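A.B. asks: I'd like to go over a predicted model; first the sequence, then the structure.
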There are 2 protein chains.
Amino acid sequence: MSADFSVWMNDCLALVEVCLDKHLATVDCAPARLHEAMRYVVLGGGKRVRPLLALAAGELSGADQERVVLTGVAVELIHAYSLVHDDLPCMDDDTLRRGKPTCHIRYDEATALLVGDSLQSLAFQILAQPGLTQNPGKQLEMVEQLAIAAGSRGMAGGQAIDLDSVGKTLSLSELEFMHIHKTGALIRAAVMLGAYCGDELNASQIKQLDHFAKCIGLVFQVVDDILDAEATTDTLGKTAGKDAENNKPTYVSILGVKQARELAKSIHQDACQTLDKLGADATRLRQVTDFIIEREF
Amino acid sequence: MSADFSVWMNDCLALVEVCLDKHLATVDCAPARLHEAMRYVVLGGGKRVRPLLALAAGELSGADQERVVLTGVAVELIHAYSLVHDDLPCMDDDTLRRGKPTCHIRYDEATALLVGDSLQSLAFQILAQPGLTQNPGKQLEMVEQLAIAAGSRGMAGGQAIDLDSVGKTLSLSELEFMHIHKTGALIRAAVMLGAYCGDELNASQIKQLDHFAKCIGLVFQVVDDILDAEATTDTLGKTAGKDAENNKPTYVSILGVKQARELAKSIHQDACQTLDKLGADATRLRQVTDFIIEREF
């Protein structure tokens, strides 16, 4: 990681943390326990991959960084809500997340349910706030895109397909279909919405960026599957080997670790070649991409 | 109920049903089971009080009915999602809703969780869609208002206060605080957003309408508590006497049925006097209000 990128990333992460803190109600605001739990799950943890992607994409369109942070934070809150609901007993039934007890363990199931519900509302509240962009029509489109990415034909739909796939043998293309929804839709939203905060992109740029966003969403999941298969619970901060234990199909279970690594490299290459076509303004996107792919290996 | 109002209401209900049906994905769209469950909980049931209030408020500002229907449907989907999550075992643990098995009974808990999550996303997708109003800036404000009404300082916050109150003795003002959030916030959003679809209202009109909306939200809950205490499961379509059984404070448990009825009448009167100040364009709002109050008694 270059020193320049490291400084940029740390600045971004600090901005994101401040923005999250500012938009989450404090515990002296009723209902105190709900607001405490919302802060517990959102603050002080998480790699903030989605806000980083939004901020890097914002550089491509010369967007105001303050505005892109809000957009990235909206996407991050959707991600955070999905983790809280995903950890519930009726879903993955997980007790550890980011090295801490999951929300329903630390609080209770009803609170975790309401935390997730409230974080989703907060995401749309932030993205719809006046002044986030200078073009209200474009901003409405951004709200609509985030809603589609989060809903039954995006992330939540991917979760449903994931549940249905437990114990089944999936083909590589079926697995890809699931992940394009479950993880890919929101990652793609982070990239596209970040870029939409700045100058209008032309049709060709949007097409390239969209292809890049799809690649990065997919490679993120392949890397995640490899990490889950190889890491220990300590280094992962969540229960390792959970997918295999739950008999869930993953890139590793279908391809094996070696081929999964090769797949990650090949999609990474596709993503980088796409960024090349976008020119010098895509430097941050390339750096964030390298950072995501090279997380642990 | 006047014949004229009855015709208007039936027309509105038909428009709402068509609009809901149109915006819910069909079962041939993957994931099929999730989309089937979303349709199961939303279609063919429900009094559609919130869309009716939105449509009546839209008449006040001369709004285009097609647009108000979309707004009312967005609010109704937030309401529908809250019922699905509210019925889950970790919340009210209810098995019957609108005379049918609740979502987690008919399907399963994980599906019910994702149905609620997806309905919330769909509500914002519909409210943000291009062309819903002619003023994108105003429309963004509407999205923001719905998000606030649904979130931790609105409906979901009210649910959290409700959970905390089980087995406790609340004062009348504490009970009111809970309901202003739990039921009131969304009812108020329905009225205000419906009116926002039309001509700009002046500050005095907005103030009157907002006061009316608060009254109607509160009286709705008082009537609900009376119905819950008096009705049988058959006439109610959901498990009757559930609040008393769960040791939940209600207007009836605090005031008794007689005084609760008097409270309902007094708030109803306040609401009607407020509408008087809004003039002849508020006729539909008055009719819908009477309809809500006189539901069963």
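C.D. replies: Okay, I see it.
A.B. asks: Can you tell me the centre-most residue of chain A?
C.D. replies: Compute the mean C-alpha point of chain A, and by C-alpha atoms, centre = their mean the closest residue is residue A:50, 4.4 Å away.
A.B. asks: Residue A:184 versus that residue, what's the distance?
C.D. replies: Going from residue A:50 to residue A:184 by C-beta to C-beta, to the nearest Å gives 12 Å. For glycine as for every other residue, the C-beta is placed from the backbone atoms N, C-alpha and C.
A.B. asks: ok, and the closest non-adjacent residue to residue A:84?
C.D. replies: residue A:116 (4.3 Å; C-beta to C-beta, 6 or more residues apart in numbering or on different chains).
A.B. asks: same check, this time on residue A:267
C.D. replies: residue A:219 (4.2 Å).
A.B. asks: and if you look at residue A:94?
C.D. replies: residue A:87 (4.4 Å).
A.B. asks: could you list every residue that touches that neighbour?
C.D. replies: By C-beta atoms under 8 Å, 6 or more residues apart in numbering or on different chains, residue A:87 lies in contact with A:93-95, A:97, A:102-104, A:112.
A.B. asks: now swap in residue A:134 and tell me
C.D. replies: Contacts of residue A:134 (C-beta under 8 Å, 6+ apart): none.
A.B. asks: can we see that at 10 Å?
C.D. replies: Residues counted as contacts of residue A:134 (C-beta atoms under 10 Å, 6 or more residues apart in numbering or on different chains) are A:64, A:67, A:197.
A.B. asks: okay, now residue A:67: neighbour count?
C.D. replies: Residues lying near residue A:67 (other C-beta atoms under 10 Å in any protein chain shown) number 18.
A.B. asks: And for residue A:109?
C.D. replies: 17.
A.B. asks: quick one: pLDDT of it?
C.D. replies: Looking at residue A:109, its pLDDT is 98.
A.B. asks: Not counting sequence-adjacent ones, nearest residue to it?
C.D. replies: residue B:90 (3.6 Å).
A.B. asks: Verify the stated contact: residue A:284 with residue A:52.
C.D. replies: Yes: Residue A:284 is in contact with residue A:52 according to C-beta atoms under 10 Å; the separation is 8.8 Å.
A.B. asks: Overlap in contacts, those two.
C.D. replies: In contact with both residue A:284 and residue A:52: A:8-9, A:12, using C-beta under 10 Å, 6+ apart.
A.B. asks: who's in contact with the closest residue to chain B within the stretch 151-297 of chain A?
C.D. replies: Of all residues in the stretch 151-297 of chain A, the one sitting closest to chain B is residue A:151 (3.4 Å; C-beta to the nearest C-beta). Residues in contact with residue A:151 (C-beta under 10 Å, 6+ apart) are A:157, A:185, B:25, B:34, B:38, B:114, B:117-125.
A.B. asks: what does residue A:139 give?
C.D. replies: A:67, A:71, A:127-133, A:193, A:196-197, B:128, B:136-137, B:139-140, B:143 are the contacts of residue A:139 under C-beta under 10 Å, 6+ apart.
A.B. asks: Residue A:174: neighbour count?
C.D. replies: Neighbour tally, residue A:174, other C-beta under 10 Å: 15.
A.B. asks: My error: substitute residue A:34 in the last question.
C.D. replies: There are 29 residues near residue A:34, going by other C-beta under 10 Å.
A.B. asks: How about it, nearest residue that isn't a chain neighbour?
C.D. replies: residue B:160 (4.0 Å).
A.B. asks: isn't there a strand covering that neighbour?
C.D. replies: No: read with DSSP: H, G, I helix; E, B strand; the rest coil, residue B:160 is helix and lies in no strand.
A.B. asks: wouldn't it be in contact with residue A:114 here?
C.D. replies: Yes: between residue B:160 and residue A:114 there is a contact under C-beta under 10 Å: 5.3 Å.
A.B. asks: For the residue nearest to residue A:34, report the pLDDT, please.
C.D. replies: In this prediction residue B:160 is given a pLDDT of 96.
A.B. asks: Distance of it relative to residue B:109?
C.D. replies: Relative to residue B:109, and taking C-beta to C-beta, residue B:160 is found at 20 Å.
A.B. asks: What of residue A:171?
C.D. replies: Taking C-beta to C-beta, one finds residue A:171 at 28 Å from residue B:109.
A.B. asks: Which stretches in chain A count as strands?
C.D. replies: Ranges of strands in chain A, per DSSP state E, are A:96-97, A:100-101.
A.B. asks: Tell me which of these sits most buried.
C.D. replies: strand A:96-97 (a mean of 19; mean count of other C-beta atoms under 10 Å in any protein chain shown).
A.B. asks: List the neighbouring strands of that strand plus their orientation.
C.D. replies: strand A:100-101 (antiparallel) (DSSP bridges).
A.B. asks: what does the partner strand contact?
C.D. replies: A:40-41, A:44-45, A:87, A:94-95, A:106-107, A:237-238.
A.B. asks: Which of the residues you listed ranks first by neighbour count?
C.D. replies: The most neighbours, when the contacts of strand A:100-101 are compared by other C-beta under 10 Å, belong to residue A:41, which has 26 neighbours.
A.B. asks: how about it, what does it touch?
C.D. replies: With the criterion set at C-beta under 10 Å, 6+ apart, residue A:41 makes contact with A:24, A:80-81, A:83-84, A:87, A:97-98, A:100, A:102-103, A:106-107, A:112, A:115-116, A:119.
A.B. asks: just to revisit the earlier point, for residue A:250, find the nearest of the strands of chain A.
C.D. replies: Ranking those by proximity to residue A:250 (C-beta to C-beta) places strand A:96-97 first, at 18.5 Å.
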